[in-house]
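Student: The amino acid sequence is not available; the structure is as follows:
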């Protein structure tokens, strides 16, 4: 795994933070933290997209962010786990991993003829 893919994973973690912030922020400091998380998330996503296929980067970002948000909602805020929810998260993550595996590693490494 290279530096750009790590940036996508970190960006997805910040996405989870800002999504939680949008729902639960009540003070100026919480809103400021949410705004910073949005900035960091999209900055890392844009930088990774400069070196990796943008469609795949975005799909991985959204997939990990969605799965992370659902898990955080259950773990931090008591949202009940349901079998259907778990199955959907597993299918989503399998699709994200599969998409990454079948996509070329980097636009920078493409061979031009």
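Tutor: Structure's in. What do you need? Being a predicted model, the structure only gives us computed values, none of them experimental.

Student: tell me the contacts of the residue lying closest to residue 30 once chain neighbours are set aside?
Tutor: Of all residues not flanking residue 30 in the chain, residue 21 sits nearest, at 6.3 Å (CB to CB, 6 or more residues apart in numbering). C-beta: built from backbone N, CA, C; applies to glycine. Taking CB atoms under 8 Å, 6 or more residues apart in numbering, we find residue 21 in contact with 30-31, 33-34, 37.

Student: Contacts for the longest helix anywhere in the chain, please.
Tutor: Using DSSP state H to define each element, the chain has its longest helix at helix 54-77. Helix 54-77 is contacted from outside by 4-5, 8-9, 11-13, 15-16, 19-20, 24, 45, 48-49, 79-81, 85, 89, 92-93, 95-96, 99-100, 103, using CB under 8 Å, 6+ apart.

Student: Among the contacts of residue 21, name the buried ones.
Tutor: The neighbour-count criterion (16 or more other CB atoms under 10 Å) marks 34, 37 among these as buried.

Student: got the buried residues for the longest helix of the chain?
Tutor: For helix 54-77, by 16+ other CB under 10 Å, it's 56-57, 59-61, 63-73.

Student: Which SSE is immediately downstream of that helix?
Tutor: helix 83-102 (DSSP states H and E).

Student: what's the spacing between that next one and its chain's center?
Tutor: 13 Å (CA atoms, centre = their mean, to the nearest Å).
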